[in-house]
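**Student:** All I have is the shape, not the residue letters:
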């Protein structure tokens, strides 16, 4: 989820092989840890889709711990 001016966006995507199915963002698969997606790849996707270069990731939701 991210906010842009007056709007909020929510992207839901799932893994399909080595990328996310809809966005094609690559999944990193290190041998010693769980799989993850890199912040920079998400920023590049959003920048491309919105046509903006002034984005700042403040608190990536995908890193929040669930209790």
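**Tutor:** That came through, no problem. Small disclaimer: the values here were computed from a predicted structure and weren't measured. Numbering: from 1, shown residues only.
**Student:** Mind pulling up the pLDDT for the closest residue to residue 37 other than its chain neighbours?
**Tutor:** In space, and not counting its chain neighbours, residue 37 is closest to residue 25: 5.4 Å by C-beta to C-beta, 6 or more residues apart in numbering. To be clear about C-beta, it is placed using only N, CA and C from the backbone, and glycine gets the same treatment. Per-residue pLDDT puts residue 25 at 93.
**Student:** For residue 5, see how far away residue 25 is.
**Tutor:** Distance, residue 25 to residue 5, using C-beta to C-beta, to the nearest Å: 23 Å.
**Student:** So between these two, which is more surrounded?
**Tutor:** Neighbours of residue 25 and residue 5, each counted by other C-beta atoms under 10 Å, are more numerous for residue 25; the result is 17 against 5.
**Student:** any idea how far the most centrally placed residue in the chain is from residue 32?
**Tutor:** The chain has residue 42 as the residue nearest its centroid, 3.6 Å off, counting by C-alpha atoms, centre = their mean. From residue 42 across to residue 32, the span is 23 Å (C-beta to C-beta).
**Student:** Endpoints of stretch 16-28, how far apart?
**Tutor:** End-to-end distance for stretch 16-28: 13 Å, by C-alpha to C-alpha, to the nearest Å.
**Student:** Show me what counts as buried in that stretch.
**Tutor:** Residues of stretch 16-28 classed as buried by neighbour count (16 or more other C-beta atoms under 10 Å): 20, 23, 25.
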